[in-house]
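Sequence and computational prediction follow.
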There are 2 protein chains.
Amino acid sequence: MKEKIIETSIELFDQKGFKETSVQEIVEAMGVTKGAFYYYYKSKEELLKDICISYIEDLLQQQQHILQNVEKSCTEKLHEIVYMLIRNIKARRKSARIFFREMRHLHEAHLQEIKAKRRAFRENYQKLIEEGIAKGEFKQTHTPHMVTFGILGITNWSYYWFNPDGEISEEQLAEIYVDLILNGIKNQEKK
Amino acid sequence: MKEKIIETSIELFDQKGFKETSVQEIVEAMGVTKGAFYYYYKSKEELLKDICISYIEDLLQQQQHILQNVEKSCTEKLHEIVYMLIRNIKARRKSARIFFREMRHLHEAHLQEIKAKRRAFRENYQKLIEEGIAKGEFKQTHTPHMVTFGILGITNWSYYWFNPDGEISEEQLAEIYVDLILNGIKNQEKK
């Protein structure tokens, strides 16, 4: 039942917005009573928190799994994280949009909890970049944090426009973006 | 007066959201009557359209100005567009957030008008990349549209986190991102 509440409300929050969706509409769409909703959630805000937390925790876990692999180079791990984020669009685009768009409606304590996890994801990414620099895979920079934000921007933005069922596959987009991140667009052969 | 309505509503829409802000609240914040509002706008939606149109038209004009310059290389123009988008954050971050977040509340005809302008901005950017490829400044790619989305993602994302009054200046961030876009992060000296 809890799963069904989350699933239904993700649809509604994405279509209509969090503020514009009432608990009444959620339970009506499910064909249950308000009592059923309030058995699982104290409020609509608590449900939003659940959606946001589960979104970011899932990403953190997948990232952790990639980073733990001692046999892979930093470049390979970078590729895997980019691919993971793009692959994630198909299953989680609506959650992602709710995450980015509705987070501001969370209570302060919940917001802080979620921001801490989002920060952890970014810091893990930055550590990977720094490790790659230390190992000579990536070039030196004084601003690894800014570079990390830039790299994140490439994939985060794709949640707004990429169609995983379109002409470019998830694998291809990951290849294109890893090449952009590693090598840039400059024609290096030109003097 | 129209300017003041726009300014006030940008503040309120950004703080509270478009749907959650009433015309009553806008006129109260300005100390005028509803009549004054409806003299300039038929509806709150029309005001939102005005905010979104003026945001994207301003960017298009600045982009056009950069692209017209026949004395600059594609690489220099790329740098100027990146810098323009980052410099724009200080003055227009709130409009940008409203643009990205509230566009879905526009009527279909208005939405199409705005999407056409947004598409024009992206297509101009893509043409610059393609011109740079043709001139040998940028390397060959079969997917200039995907690369363009990636490049746009880097700067668009910065509207969510970059503090123009922080330790890294707008000029520095533009340098960092142009280097990322042109050269990537790979240590090219390593075999």
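Perfect, I can see it now. Residues are numbered from 1 along each chain as shown, chains lettered A, B, ... in the order given.

from here on, contacts and neighbour counts on C-alpha atoms
Will do.

and residue A:133, what element?
helix A:108-134 (DSSP states H and E).

Would you mind identifying the next helix or strand past that helix?
helix A:144-161.

Any chance you could list what contacts the helix or strand just after that following helix?
Helices and strands here follow DSSP H and E; after helix A:144-161, the next one along the chain is helix A:170-183. Residues outside helix A:170-183 that contact it (C-alpha atoms under 8 Å, 6 or more residues apart in numbering or on different chains): A:78-79, A:82-83, A:86-87, A:151, A:154, A:164, B:146-147, B:150, B:180-186.

what angle sits between the helix holding residue A:133 and helix A:144-161?
120 degrees (axes from the mean of the first three to the mean of the last three C-alpha atoms, to 10 degrees).

Which strands and helices lie in contact with helix A:108-134?
helix A:44-68, helix A:74-102, helix A:144-161 (3 or more C-alpha pairs under 8 Å, 6 or more residues apart in numbering or on different chains; DSSP states H and E).

Please produce CSV containing the ones you listed, extended by mean neighbour count.
Output for these, formatted as CSV (neighbours: other C-alpha atoms under 10 Å in any protein chain shown):
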stretch, mean neighbour count
helix A:44-68, 17
helix A:74-102, 19
helix A:144-161, 20
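
how about JSON lines for those, with distance to chain B and mean pLDDT added?
Listed next are these as JSON lines, based on distance: least, C-alpha to the nearest C-alpha, whole Å; pLDDT from 0 to 100:
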{"stretch": "helix A:44-68", "distance to chain B": "16", "mean pLDDT": "96"}
{"stretch": "helix A:74-102", "distance to chain B": "7", "mean pLDDT": "93"}
{"stretch": "helix A:144-161", "distance to chain B": "5", "mean pLDDT": "95"}
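
Is it possible to get JSON lines of the ones you listed that adds distance to residue B:130?
Output for these, formatted as JSON lines (distance: least, C-alpha to C-alpha, whole Å):
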{"stretch": "helix A:44-68", "distance to residue B:130": "34"}
{"stretch": "helix A:74-102", "distance to residue B:130": "25"}
{"stretch": "helix A:144-161", "distance to residue B:130": "19"}
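
closest to residue A:12 out of the ones you listed?
helix A:74-102 (9.9 Å; C-alpha to C-alpha).

got the angle for that closest one vs helix B:144-161?
Going by the same axes, to 10 degrees, helix A:74-102 makes 60 degrees with helix B:144-161.

Give me the angle between helix A:74-102 and helix A:170-183.
Using the same axes, to 10 degrees: helix A:74-102 against helix A:170-183 is 110 degrees.

How is chain A partitioned into domains?
As given by automatic domain parsing, the domain ranges for chain A are A:1-41, A:44-183.

now these as a markdown table including distance to residue B:67?
Putting the domains of chain A into a markdown table (distance: least, C-alpha to C-alpha, whole Å) gives the following:
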| stretch | distance to residue B:67 |
| --- | --- |
| domain A:1-41 | 37 |
| domain A:44-183 | 23 |
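
Tell me which of the ones you listed lies nearest to residue B:59.
domain A:44-183 (18.3 Å).

Return the distance of that closest one from the chain's centre.
Relative to the mean C-alpha coordinate of its chain, domain A:44-183 is positioned 5 Å out (C-alpha atoms, centre = their mean, to the nearest Å).

Pull up the distance across it, start to finish.
45 Å (C-alpha to C-alpha, to the nearest Å).

do the same with stretch A:36-46
Its first and final residues considered, stretch A:36-46 spans 15 Å by C-alpha to C-alpha.

Please state the offset of it from the chain centre?
That offset, for stretch A:36-46, works out to 25 Å (C-alpha atoms, centre = their mean).

Could you give me the buried positions within it?
Buried residues in stretch A:36-46, counted by 16 or more other C-alpha atoms under 10 Å in any protein chain shown: A:37, A:41, A:44, A:45.

Output these in CSV, with distance to residue B:94 appended to each entry.
Shown next, in CSV, are these (distance: C-alpha to C-alpha, whole Å):
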residue, distance to residue B:94
A:37, 35
A:41, 33
A:44, 27
A:45, 24
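
out of those, which one sits closest to residue A:105?
Here the nearest of the buried residues of stretch A:36-46 to residue A:105, counting by C-alpha to C-alpha, is residue A:45; it sits at 7.5 Å.

For the closest one, which non-adjacent residue is spatially closest?
residue A:106 (6.3 Å; C-alpha to C-alpha, 6 or more residues apart in numbering or on different chains).

Could you check how many residues crowd around that neighbour?
Residue A:106 has 18 neighbours, counted by other C-alpha atoms under 10 Å in any protein chain shown.

Quick check, it in contact with residue A:44.
No: applying C-alpha atoms under 8 Å as the test, residue A:106 and residue A:44 come out as separate, 9.9 Å apart.

From the structure, what's the count of residues near residue A:141?
Residues near residue A:141, counting by other C-alpha under 10 Å: 14.

That one and chain B, how far apart?
Distance, residue A:141 to chain B, by C-alpha to the nearest C-alpha, to the nearest Å: 9 Å.

And residue A:1, by the same measure?
Residue A:1 is 30 Å from chain B, by C-alpha to the nearest C-alpha.

Need the pLDDT of that residue.
Note for residue A:1: predicted pLDDT of 86.

about what we covered before: how about the residue nearest to residue A:45, phi and psi?
Dihedral pair for residue A:106: phi -80, psi 150, per degrees, to the nearest 10.

which residues sit against stretch A:56-63?
Contacts with stretch A:56-63, where a contact means C-alpha under 8 Å, 6+ apart, come from A:81, A:84, A:85, A:114, A:117, A:118, A:120, A:121.

make it 6 Å
With contact meaning C-alpha atoms under 6 Å, 6 or more residues apart in numbering or on different chains, stretch A:56-63 is reached by residue A:121.
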